[in-house]
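Participant: what's the 3D shape of this:
(2 chains)
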Number of protein chains: 2
Amino acid sequence: MTACMLVIGNEVLSGRTPDRNLNHVARRLSELGIELREARVIPDDEAMIVAAVNETRARYRYVFTSGGIGPTHDDITADSIARAFGVGIGHHPDAVAVLRANYPPEMLNEARLRMARIPEGASLVKNPVSHAPGFRVENVYVFAGVPAIMQAMFEEIAHELEGGAPAESVTISCFLGEGAVAERLRAIQEEWRPAVEIGSYPFYRKKRYGTSIVFRSRDPGALGAAAASFRATVRELGEEPVEGEVA
Amino acid sequence: MTACMLVIGNEVLSGRTPDRNLNHVARRLSELGIELREARVIPDDEAMIVAAVNETRARYRYVFTSGGIGPTHDDITADSIARAFGVGIGHHPDAVAVLRANYPPEMLNEARLRMARIPEGASLVKNPVSHAPGFRVENVYVFAGVPAIMQAMFEEIAHELEGGAPAESVTISCFLGEGAVAERLRAIQEEWRPAVEIGSYPFYRKKRYGTSIVFRSRDPGALGAAAASFRATVRELGEEPVEGEVA
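Facilitator: A predicted model of the protein is given here:
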């Protein structure tokens, strides 16, 4: 089960706004046993959105987008998704009803009603925060860019995603540089490939250099054995392994 | 002048590590008048790195990568870049010399020496933090993933990037919802397209909803006129425009 995330917005590429959605989606997908294989940040540009959506929806089981579904002129994601799927777009009656139920009539102007424009054939994704819905077309989920809304929309649909067994992970840290453990770690990786994926991440804490090693696997036995080998390695090198990250 | 950033690392896609490099590069490129058109996050997977590098280096003036050039088994960026360019890879004498000058001989094991493996024909990028260099092949700059090192490497090469006139930007905020200003803002965008790019970003501060509008242009006259139209719009709607973001 694989996925791709498309972060849509000029503001992320200009540096105005740091993206906060990718890490959230990445962590939630890991918990659900879905492998996020790729993410892209692209501008509010119809041709680029269409190309990215069509390339990634063919390659991955799920595609999630964030951004560009508000009421202003730069919100072109819904139209671009319709173009990518070659379908029309119009005011979805259920989306209009949600907006009518939540905005006073004098506020529900043409611009806000644009938020009810949904590609034909899409199903709506509830927005429990500010009401204007997201939507799904086939395997593409279209969410808002505001992090609180994006996260709420994700939880609305999380139950319908097909996940695998989530990978378990064990993290072991030590006050040894990456270079000091690298050769033995390579041997451990070779012994346990492909059941265990091993990542190595240097840190600097308490005025000392160190390394955190993350072991990930869907096989608890292999995971435990690989981690045990590394604990022994750290002790052989004269240090005490630390379970987890070093705070 | 366009650019693409490739963030390389399983840890970003699994959610373990939030990327901190993209926003930094985005802001620096904006200052240098270079347009970051796209960014991708991809795993430590040779085929995916090769495909992404070859696709983006043909499309954009500059490609910047972060991650995967350390001493451990999961650091495969240098080999993947060599593969993408169809060149060999070996220990670069200047890179070996830098490592020898900065590591005691007993520490300079085979794993650490791997950090001197550089694709043929590449030029080195100095690493003033931890010494193991980055490198450049044609229009592709290869940086470390640790933010302090990535940022330092970027500054080492910033002077050699060809930028355009940086876009100037003006931000005006107001305590009006996006939907309240959207129609008039669309008219302002239509009047000033393509000289001025206008982005609209909702916020919630001091228990009130509001909107920040960012005007970006290389034409100071058009920028000032578009921003002035929006200030007048806010006043017509009964609010006072706020210069900049609302803290």
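
Participant: excluding chain neighbours, what is closest to residue A:227?
Facilitator: Sequence neighbours aside, residue A:170 is the residue nearest to residue A:227 in space, at 4.5 Å (criterion: CB to CB, 6 or more residues apart in numbering or on different chains). In this view, the C-beta of every residue, glycine as well, is placed from N, C-alpha and C.

Participant: ugh, wrong one, residue A:17
Facilitator: residue A:11 (4.1 Å).

Participant: count the residues that sit near the one you found.
Facilitator: 21 (other CB atoms under 10 Å in any protein chain shown).

Participant: that one contacts residue B:198, correct?
Facilitator: No: Residue A:11 lies out of contact with residue B:198 (CB atoms under 8 Å); the separation is 11.5 Å.

Participant: find residues that contact each of these two.
Facilitator: residue B:214 (CB atoms under 8 Å, 6 or more residues apart in numbering or on different chains).

Participant: name the helix or strand for residue A:58, please.
Facilitator: In the assignment (DSSP states H and E), residue A:58 maps to helix A:46-59.

Participant: what packs against the next helix-or-strand element following that helix?
Facilitator: Downstream of helix A:46-59, the first helix or strand assigned by DSSP H and E is strand A:62-66. Contacts defined by 3 or more CB pairs under 8 Å, 6 or more residues apart in numbering or on different chains; DSSP states H and E place strand A:62-66 against strand A:2-8, helix A:21-32, helix A:46-59, strand A:140-143.

Participant: out of the ones you listed, which gets nearest to chain B?
Facilitator: With CB to the nearest CB as the measure, helix A:21-32 is the member of these nearest chain B (3.3 Å).

Participant: quick one: contacts of the helix or strand hosting the residue nearest to residue A:17?
Facilitator: Assigning secondary structure by DSSP H and E places residue A:11 in helix A:10-13. Here helix A:10-13 makes contact (CB under 8 Å, 6+ apart) with A:17-19, A:41-44, A:67, A:74, B:22-23, B:26, B:35-39, B:197, B:199, B:201, B:214.

Participant: what is the mean pLDDT for the helix holding residue A:58?
Facilitator: Averaged across helix A:46-59, pLDDT comes to 98.

Participant: any part of that helix near chain B?
Facilitator: Yes: Helix A:46-59 reaches chain B (CB under 8 Å from any CB of the partner chain) through residue A:48.

Participant: give me the angle between that helix and strand A:62-66.
Facilitator: Orientation of helix A:46-59 against strand A:62-66 (axes from the mean of the first three to the mean of the last three CA atoms, to 10 degrees) gives an angle of 150 degrees.

Participant: so what does helix A:46-59 touch, helix or strand wise?
Facilitator: Other helices and strands packing on helix A:46-59, by 3+ CB pairs under 8 Å, 6+ apart, are strand A:2-8, strand A:35-42, strand A:62-66, helix A:77-85.

Participant: most tightly packed of the ones you listed?
Facilitator: strand A:62-66 (a mean of 28; mean count of other CB atoms under 10 Å in any protein chain shown).

Participant: from the chain's centroid, how far away is it?
Facilitator: Centre-to-centre, strand A:62-66 and its host chain are 8 Å apart (CA atoms, centre = their mean, to the nearest Å).

Participant: same question for stretch A:26-38.
Facilitator: Its chain's C-alpha centre and that of stretch A:26-38 lie 7 Å apart, by CA atoms, centre = their mean.

Participant: check whether that stretch contacts chain B.
Facilitator: Yes: shown here: stretch A:26-38 in contact with chain B (CB under 8 Å from any CB) through A:26, A:27, A:28, A:29, A:30, A:35, A:36, A:37, A:38.

Participant: where does the fifth one land on pLDDT?
Facilitator: At residue A:30, the model reports a pLDDT of 95.

Participant: list the contacts of it.
Facilitator: A:36, A:166, A:167, B:14, B:15.

Participant: longest helix of chain A?
Facilitator: helix A:220-236 (DSSP state H).

Participant: point out the other helices and strands that that helix packs with.
Facilitator: Using 3+ CB pairs under 8 Å, 6+ apart, helix A:220-236 is in contact with strand A:168-174, helix A:178-192, strand A:196-205, strand A:208-217.

Participant: need the ones you listed in TSV with mean pLDDT and mean neighbour count, can you?
Facilitator: Below are these laid out as TSV (pLDDT from 0 to 100; neighbours: other CB atoms under 10 Å in any protein chain shown):
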stretch	mean pLDDT	mean neighbour count
strand A:168-174	96	19
helix A:178-192	97	20
strand A:196-205	94	19
strand A:208-217	95	21
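
Participant: residue A:124 should be in a strand, yeah?
Facilitator: Yes: according to DSSP: H, G, I helix; E, B strand; the rest coil, the state of residue A:124 is that of a strand.

Participant: neighbours around the residue nearest to it when sequence neighbours are not counted, how many?
Facilitator: With sequence-adjacent residues excluded and distances taken as CB to CB, 6+ apart, residue A:124 is closest to residue A:133, at 4.3 Å. Residue A:133: 25 surrounding residues under other CB under 10 Å.

Participant: residue A:34 reaches residue A:163, doesn't it?
Facilitator: Yes: using CB under 8 Å, residue A:34 is in contact with residue A:163, at 5.0 Å.

Participant: buried subset of the contacts of residue A:30, written for ChimeraX?
Facilitator: Filtering those down to the buried ones (16 or more other CB atoms under 10 Å in any protein chain shown) takes a single ChimeraX command:
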select /A:36,167 /B:14,15
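
Participant: CSV please, covering the contacts of residue A:30 and showing pLDDT and distance to residue A:111.
Facilitator: What follows is those, written out as CSV (pLDDT from 0 to 100; distance: CB to CB, whole Å):
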residue, pLDDT, distance to residue A:111
A:36, 98, 34
A:166, 86, 42
A:167, 88, 44
B:14, 96, 39
B:15, 96, 35
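
Participant: list the contacts of the closest residue to residue A:183 other than its chain neighbours.
Facilitator: Closest residue to residue A:183 apart from its sequence neighbours, by CB to CB, 6+ apart: residue B:111 at 4.9 Å. Taking CB under 8 Å, 6+ apart, we find residue B:111 in contact with A:178, A:179, A:182, A:183, A:186, B:71, B:72.

Participant: and for the residue nearest to the fifth one when sequence neighbours are not counted, the neighbour number?
Facilitator: In space, and not counting its chain neighbours, residue A:186 is closest to residue B:73: 4.2 Å by CB to CB, 6+ apart. As a burial measure, residue B:73 scores 21 neighbours (other CB under 10 Å).

Participant: phi, psi for residue A:149 please.
Facilitator: Reported as degrees, to the nearest 10, the phi and psi values for residue A:149 are phi -80, psi -40.

Participant: contacts only, for it.
Facilitator: Applying CB under 8 Å, 6+ apart, the residues near residue A:149 are A:127, A:129, A:130, A:143.

Participant: quick check: the closest residue to it other than its chain neighbours vs chain B, distance?
Facilitator: Excluding the flanking residues, the one nearest residue A:149 by CB to CB, 6+ apart is residue A:129, at 4.7 Å. Using CB to the nearest CB, to the nearest Å, residue A:129 is found at 10 Å from chain B.

Participant: residue A:241: what's it in contact with?
Facilitator: Each residue near residue A:241 by CB under 8 Å, 6+ apart is listed here: A:172, A:173, A:174, A:230, A:231, A:234, A:235.
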